[in-house]
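>>> I need the structure of the sequence given here:
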Amino acid sequence: MKQLLQKVLLGFTVLLSWQFAQAQGRAISGKVSDTGGSPLPGVSVTVKGTTQGAITDAAGKFSTQVANNAILVFSYIGYKAQEVKVGSQSTVDVSLEDDAASLNEVVVVGYGSQKKSQLTGSISSVSGKEIAELPITNARQALQGRAAGVDVTQAGSKPGGGAQIRIRGRRSFNASNDPLYVVDGIPLSSGIDDINPSDITSMEVLKDASATAIYGSRGSNGVVIITTKRGKAGKTQISWDSYVGANAVLGKTGVMNGEQFAEYKRESRRSVGQYPLGTVTEADDAKIFEPREVANIKAGTSTDYVDAMLRGGTIQSHQLGFSGGDAKTNFNISGNLFQDIGVIKKQDFTRYTFRVNIDHKLNNKLKIGISSLFVGSKRNGEFYNPMGGAFQENPLGKPFNDDGTLSFLPTNDGLRTNPLAEIVDGAQVDETKRYRTFNSIYGEWDIAKGLKYRVNFGPDFTFGRNGRFTGAFTNANRGGNATGSTSEEIRLNYTVENILTYNKTFKAIHNLNVTALQSYQKERLEGTSISVNGVPAETQQYYRLGDASQITGANTGLTEWALLSYMGRVNYDYKEKYLITATLRADGSSRFGANTKWGYFPSVAFGWNITKENFLKDVKFIDQLKLRLSYGTIGNTGINPYQTQALLGRTSYAWDNTPAYGYRPGSIGNPDLKWENSTTANAGLDFSLFGSKISGTLEVYETNTTDLLAPQPLPTSTGFGGFTTNIGQTRNRGIELTLGTTNIDRGGFVWTTDFIFNKNKEAIIELANGKVDDIAAGRFIGEPLTVFYDLKKIGIWQKDQADEAAKYGDKVGQIRIEDIKGRDAAGNLIDGPDGKINADDRQILGSAVPNFVIGMTNRFTYKSFDFSFFLYARAGQFIRSRFHNDFNQLAGRYNNLNINYWTPNNPTNEFPQPVVTQEFPKYNSSLLYFDGSFIKVRNINLGYNVPSAICSKMKMESLRIFTSIQQPFIFAQYRSKYKGIDPETYVDGETGVGGGDVNANVSPAIRTITFGLNVKF
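Numbering: from 1, shown residues only. Sure, this is the predicted structure:
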């Protein structure tokens, strides 16, 4: 490492003093044009093996100095590069041909690959280069704003936290809405967060039924295919990719300081006549404040507990790679260290990964290979966040005793303890360790010309352990017994696949590809857990739970499932002009009942390369124009194993005053429970114009999901709350646009833009009782799968509205609710106000589903410099701020967000007047809903590619130096006006976080600045 740094420093020294000199020799000039004879300005003309060269002018002309044996290299975006030996020539004129490489780019489609021009399904791609632009924790984050139709969200900045992906919306109430992840050909069951993003060469997202049907029931919510880097024949290349950075909180959370809290506390008493109006006096303060509070008010002293929980975080990644091979064996080996130290104390994440990819030809017929991943990670603070107590703690308390020791009770409030006690070493321990090895092993046999057999074997083993300890002097235990718990999980999943492919071209115009598959996947998951009360010595933490005075819980579990599948796919095209793909997959799942284990999923797709038609052959500005149509059905197996069976539950009772245990029916079985079915119709238009200067895809689709797997309520008199059955129908309609443009390419300066736009509309079409709303479950016909259904705040009652407020039993300064419903004399619900606020006045306020999502990346290059910035926006979604529920109680007891609340002298309509006699404001739930729209500047990146001449002096092949800023700006009303943290939320609920909810203990938004190197030897 020391030698590497010395080389880098030497490079900078040489760079500052280097004078670029043109090689000695004779002059040569010429002109560069396209095949039509038009001059091409901005073409790069370089002398091969050097940095010497020129750029063509507006007339396509150039001139430079060359030696007699020189070779000139002509390169220009959208055209094929060309090399010309100078020899004795003094003038070299060149004609460059259009480069159709982008049309012939190979895309992974699942159990094979195809040229882009031959695709019939809907697929979005993200390259390894795009992934490398972001210093991210896991691969899921790389898809945000980069792939059309893919909605990626992440709540908070907790180190090691994952993102949530929804492809073309949600389809199911209770079955999984997660996509399938496939890594190096093997479907996974436990996610991709263990995979190092730096090892990825490409990510493809399969979206429509034609593209995903090949994976059957596992692909019902879309498929994300990840291909990792592999070696190539040639000299061994050594790479070192490294960056380090600093994390900082993006803006300060607006809780009250001591002065603001004091006035807020006074106002909460004024509202009920417990504090006089007018000038504030010490005598009046002494009646409602403790002596220590009075002293701090007088001294102007305030404690910022939130700031005390925070620190300057760091992030770093270091990867060493070796890649190369020969005619028989190719290899790619890499090792990576990634570490993220969070801005909240006691939160961090460290991951070590080691990957080996090897491909070997045994002979001309046989080939074998392996992709092996070994990963170990440690995460602190996954289920722990000390910020909640810091937000609520009275800033006028006394956090330290006179001798400098921590005061466990800063005030006399019996329910609040010192938040600083939570971050004392050993007071709170929440450690998760995870070890995983994932392998993709294959063998290929070229049986005959065009006929190939491949076997895949993918064992995936994971061991995880979480240990939790909470000491006596914490807010949870308040000086009582220390508690501890531990849980372990062992997961073994393996996949075996047999694949037969046949490729044949007939008469040079008929192209046929046939794929047949037999697949078997099985998983075994074992879990154990134990929790205790009364750990005798806090230094034991969770390592000797048997010494505790009480076992509060102990459990073990075993879950197994299996999936057997058969698939056939036929691709045919005529002159690559007319394309057809037909797929049929059959899945047999152990999760379903005896009568419905098998599901059958067909799809068909058509493509028309319009540019190959004679009527467009003379239209030069159109490089590609292709129409795609597809239709197909996919199932969903995303229910828990054993859910179709009648299960037993343990019960307890007294037997002669002695506790006894037995078993009772715990659930109702349903052997006729069948697959959810999602049928998708998709139309797409792929286009490339003006030599690929403008290219993209426009898609429209509709997905109808029937036989939804959902609970059917039962009368409680049956002894069961309900049972799982097939009810209802949902629909997703949407439009997607992917657009890439080359805006400027001249004089060595290039500016390109990548843009994606998604708009998806979810709707419930039918429920258990047909087209009838299920208000109790919060489900409404024509609305998204989940909505916020509550009373709507329309303002605060003002002084001139006192009489009207009284009619509703309300007071001036309190929340005003919209009265929209009433009942007639017969008790029937009717539209219109009735002078009462009750459950009838609830209405649909919004949904966590956005109206649209936009991602835009602009890239600029000038000679050796490159610069890019990435914008991401979600618009129209609603959020529910649990953050405001916990930290905006407006009762004058705990500290509060420094919001704009109503007073007689501040008649705002934002938040009500604080009232000491109520724990929460009347109708307080109406204060939790906000417009969650935002625009984020996700990344700004600046890089410099050191000239090859300088690199060669440092014995390097290439060197790039870069710096980046992650999330420097968030533009959102929720933050700027309402003191919220971050409006980005999960659409569906995750562990501890509801769908569309900003969690009370969410980690704050952060800004990250990194500096890094990419070196190749």
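
>>> okay, CA-based contacts and neighbour counts for the rest of this
Will do.

>>> Which stretches in the stretch 251-400 of the chain count as strands?
Along the stretch 251-400 of the chain, the stretches classed as strands by DSSP state E, counting those that start in this stretch are 313-325, 329-341, 348-361, 366-380.

>>> Same check on the stretch 101-250 of the chain?
106-108, 113-115, 123-127, 150-153, 164-167, 180-183, 186-187, 200-206, 223-228, 234-249.

>>> and if you look at the stretch 901-1017 of the chain?
929-931, 934-945, 958-971, 997-998, 1006-1016.

>>> Would you mind finding the most buried of these?
strand 997-998 (a mean of 26; mean count of other CA atoms under 10 Å).

>>> and that strand, what's its mean pLDDT?
The pLDDT scores in strand 997-998 average 90.

>>> repeat for stretch 342-359
For stretch 342-359, the mean pLDDT works out to 94.

>>> Centre of the chain to it, how far?
17 Å (CA atoms, centre = their mean, to the nearest Å).

>>> and Phe723, how far is that from Asn769?
16 Å (CA to CA, to the nearest Å).

>>> Could you check which of these two has the larger neighbour count?
When Phe723 and Asn769 are compared for neighbours, Phe723 comes out ahead with 17 against 10, by other CA atoms under 10 Å.

>>> which residues does that one bridge with?
Gln712 (DSSP bridges).

>>> shift numbering so it begins at 428
Understood, numbering begins at 428; the last thing we discussed is Phe1150.

>>> who's in contact with it?
1094-1097, 1138-1141 (CA atoms under 8 Å, 6 or more residues apart in numbering).

>>> Can I get the buried part of those as one PyMOL selection?
Only the buried entries of the contacts of Phe1150 go into this PyMOL selection, using 16 or more other CA atoms under 10 Å:
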select buried, resi 1094+1095+1096+1097+1138
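
>>> What is the burial count for the residue lying closest to Tyr1027 once chain neighbours are set aside?
Spatial nearest neighbour of Tyr1027, chain neighbours left out: Ala1013 (4.5 Å); criterion: CA to CA, 6 or more residues apart in numbering. Counted with other CA under 10 Å, the neighbours of Ala1013 add up to 22.

>>> the strands in the stretch 1128-1277 of the chain, which residues?
Using DSSP E, counting those that start in this stretch, strands in the stretch 1128-1277 of the chain cover 1136-1140, 1149-1153, 1156-1173, 1176-1193, 1215-1217, 1220-1223, 1242-1244, 1248-1250, 1256-1258, 1270-1273.

>>> so which of these comes closest to Pro1068?
Within those, the stretch nearest Pro1068 is strand 1149-1153; the backing value is 12.5 Å (CA to CA).

>>> Alpha carbons of that closest one, in CSV - could you do that?
Taking C-alpha atoms only, strand 1149-1153 is exported to CSV below (Å, rounded to 0.1, in the frame of the first residue of the first chain):
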residue,chain,number,x,y,z
GLY,A,1149,-59.8,-16.3,9.3
PHE,A,1150,-58.1,-18.6,6.8
THR,A,1151,-56.0,-18.0,3.6
THR,A,1152,-57.9,-18.3,0.4
ASN,A,1153,-58.0,-17.0,-3.2
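
>>> and the angle from it to strand 1136-1140?
Per axes from the mean of the first three to the mean of the last three CA atoms, to 10 degrees, the angle that strand 1149-1153 makes with strand 1136-1140 is 140 degrees.

>>> got the residue ranges for the helices in the stretch 928-1077 of the chain?
In the stretch 928-1077 of the chain, no helices are defined using DSSP state H, counting those that start in this stretch.

>>> mind listing what the residue nearest the centre of the chain touches?
Central residue of the chain (CA atoms, centre = their mean): Ala590, 2.9 Å from the mean position. For Ala590, the contact set (CA under 8 Å, 6+ apart) comprises 567-568, 579-582.

>>> cool, Val513 as well?
Counting by CA under 8 Å, 6+ apart, Val513 makes contact with 495-499, 519.

>>> From Ser992, how far off is the spatially closest residue to Leu952 that is not a sequence neighbour?
Closest residue to Leu952 apart from its sequence neighbours, by CA to CA, 6+ apart: Arg918 at 4.5 Å. Remark: distance between Arg918 and Ser992 (CA to CA) = 22 Å.

>>> And Asp711, by the same measure?
Taken as CA to CA, the span from Asp711 to Ser992 is 78 Å.

>>> Tell me which of the two has more neighbours.
Ranked by neighbour count (other CA under 10 Å), Asp711 and Ser992 place Ser992 first, with 21 against 14.

>>> The residue lying closest to that one once chain neighbours are set aside bridge partners, please.
Leaving aside its chain neighbours, Ser992 sits nearest to Asp1014 (4.5 Å; criterion: CA to CA, 6+ apart). For Asp1014, the beta-bridge partners are Ser992, Gly1026 (DSSP bridges).
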